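# I'll drop the sequence and a predicted model, then ask my questions.
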Amino acid sequence: MPDMGPGTTGSVREQRLLKLSIAVSGVIGVLGVGWGWLAGSQAIMFDGAYTGLGLLLSWLSLRASKIVAAGPTTNYPFGREALAPLVIMIQGVALLGTLGYAAIASVLAIIKGGSEVAAASGIIYGGVTGVLALALWLYLSRYAKNSDLIRAEAAQWLAGAAMSAGMLVAFTIAALIQPTQLGWLADYIDPAVVIVASIALFGIPWQMVRETVRELLEGAPPDAVQAPIRELVATVTAEHGLDDPLIRMSKLGAKLYLEVDYVVPTGRYDTSFADQVRRSLKAGLSAQPFDIWLNVDLSTDASWQH
């Protein structure tokens with residue numbers, strides 16, 4: 001069984017990490033919106049709103065984690081693992097919308113002549129939130145390998161850390177040029193930070209949407225997932241003296257469907273032999289971080305492989 005599959009201690013850990021992310025998101029979200037409003041900074045308010053949205057999305061991930069961990073039911077006999085990629089896709093779409101709105105609003109602010117920036121306040125805010133976001137990203141990354149939900153959560157905190165770092169650099173530049181003849185440029189730094197951050201962060205939610213749509217359409221898993229499994233199948237195939245099989249794989253959240261179809265001569269193998277092959281594959285697959293649904297078929301009809 002996978003380390004973070006339904007009914008394991010992994011699902012409990014997943015939910016605990018999501019609750020931690022929600023708590024920190026709440027703190028930074030309130031801090032950012034309040035701080036940005038008092039300082040009159042569009043960039044800080046954007047960061048707070050972005051993090052606040054992350055809180056809602058983290059809560060959605062937590063709900064999905066609990067439902068998936070409940071396992072199969074009468075109405076859902078194969079479980080509800082599809083909720084995980086579905087929630088991640090919703091997260092990606094919501095973040096793309098937020099980034100797009102913020103970028104447009106900032107362009108309009110620049111057209112209107114920019115806005116006065118409180119550089120010192122921005123430097124302090126960027127430093128504090130950057131440290132928090134980076135620390136949480138490092139912590140979540142330790143457990144992201146076996147959970148798509150935690151991996152998506154970690155990606156959002158990495159984006160938050162990058163945003164804070166950008167603010168820290170931009171507000172430092174603003175503080176340096178304000179007393180000089182170039183001080184007028186400082187009024188454009190605040191909205192410019194938002195535009196640059198929106199463009200820089202675009203790839204993260206876009207990747208989330210692209211990968212999860214592929215999963216929901218039952219596409220083949222990434223090469224990194226397929227490679228060790230195909231290597232194991234090749235080893236077991238050689239051990240049992242079989243010809244190369246047709247391998248089909250698809251991944252849905254923590255669940256991975258694996259079908260291995262062999263064409264064999266008539267009358268040479270029986271059901272017990274098929275069981276031996278299945279046991280060998282199952283033993284080798286136990287190290288994989290997925291809930292693997294394995295199907296092994298031996299057939300004398302080659303047309304089944306088409």
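Sure thing, it's come through. Source: prediction; values computed, not measured. Residues are numbered from 1 along each chain as shown.

# as a quick check, tell me the outermost residue of this protein.
Distance from the C-alpha centroid of the chain peaks at residue 267, with 48.5 Å (C-alpha atoms, centre = their mean).

# now do the buried residues in the one helix or strand residue 63 maps to.
Here residue 63 sits within helix 42-69, counting by DSSP states H and E. Using 16 or more other C-beta atoms under 10 Å as the burial criterion, the residues of helix 42-69 that qualify are 42-55, 57-62, 64-65, 67-69. The C-beta positions use only the backbone N, C-alpha and C, and glycine is treated the same way.

# same deal with stretch 168-187?
Those would be 168, 170, 171, 173, 174, 175, 177, 178, 186, 187, for stretch 168-187 by 16+ other C-beta under 10 Å.

# in a helix, the second one, correct?
Yes. According to DSSP: H, G, I helix; E, B strand; the rest coil, residue 170 belongs to a helix.

# and the strands in the stretch 101-250 of the chain?
246-252 (DSSP state E, counting those that start in this stretch).

# any stretches of this structure with poor pLDDT?
Residue ranges of the chain with pLDDT under 70: 1-10, 304-306.

# now do the helices in it.
Using DSSP state H, the helices of the chain run over residues 9-39, 42-69, 83-111, 119-141, 148-177, 186-201, 203-216, 223-239, 271-285.

# name the surrounding residues that touch the fourth one.
Spelled out, it's helix 119-141. Residues outside helix 119-141 that contact it (C-beta atoms under 8 Å, 6 or more residues apart in numbering): 17, 20-21, 24, 27-28, 31-32, 35, 39, 41, 43-44, 47, 51, 150, 153-154, 157-158, 160-161, 163-168, 170-172, 174-175, 178, 186, 190.

# what does the shortest one give?
Contacts with helix 203-216, where a contact means C-beta under 8 Å, 6+ apart, come from 82, 85-86, 88-89, 91-96, 99, 152, 155-156, 158-159, 250-253.

# go again using 10 Å as the cut-off
81-82, 84-99, 148, 151-152, 155-156, 158-159, 162, 219-222, 250-253 (C-beta atoms under 10 Å, 6 or more residues apart in numbering).

# that one: which residues count as buried?
Buried, per 16+ other C-beta under 10 Å, within helix 203-216: 204, 205, 208, 209, 211, 212, 214, 215.

# what about it, distance to the chain center?
8 Å (C-alpha atoms, centre = their mean, to the nearest Å).

# go on, the first one?
Taking the mean of its C-alpha atoms, helix 9-39 sits 16 Å from the chain's own mean (C-alpha atoms, centre = their mean).

# just checking, what packs against it?
When contacts are defined as 3 or more C-beta pairs under 10 Å, 6 or more residues apart in numbering; DSSP states H and E, helix 9-39 sits against helix 42-69, helix 119-141, helix 148-177.

# and if you look at the last one?
Here helix 271-285 is seen to pack against helix 223-239, strand 255-263, strand 291-299 when contacts are counted using 3+ C-beta pairs under 10 Å, 6+ apart.

# give the pairing partners of the second one; include direction for each.
In the sheet, strand 255-263 lines up against strand 246-252 (antiparallel), strand 291-299 (parallel) (DSSP bridges).

# buried ones in it, by neighbour count?
Under 16+ other C-beta under 10 Å, the buried positions of strand 255-263 are 255, 256, 257, 258, 260, 261, 262, 263.

# thanks again, I'm all set now.
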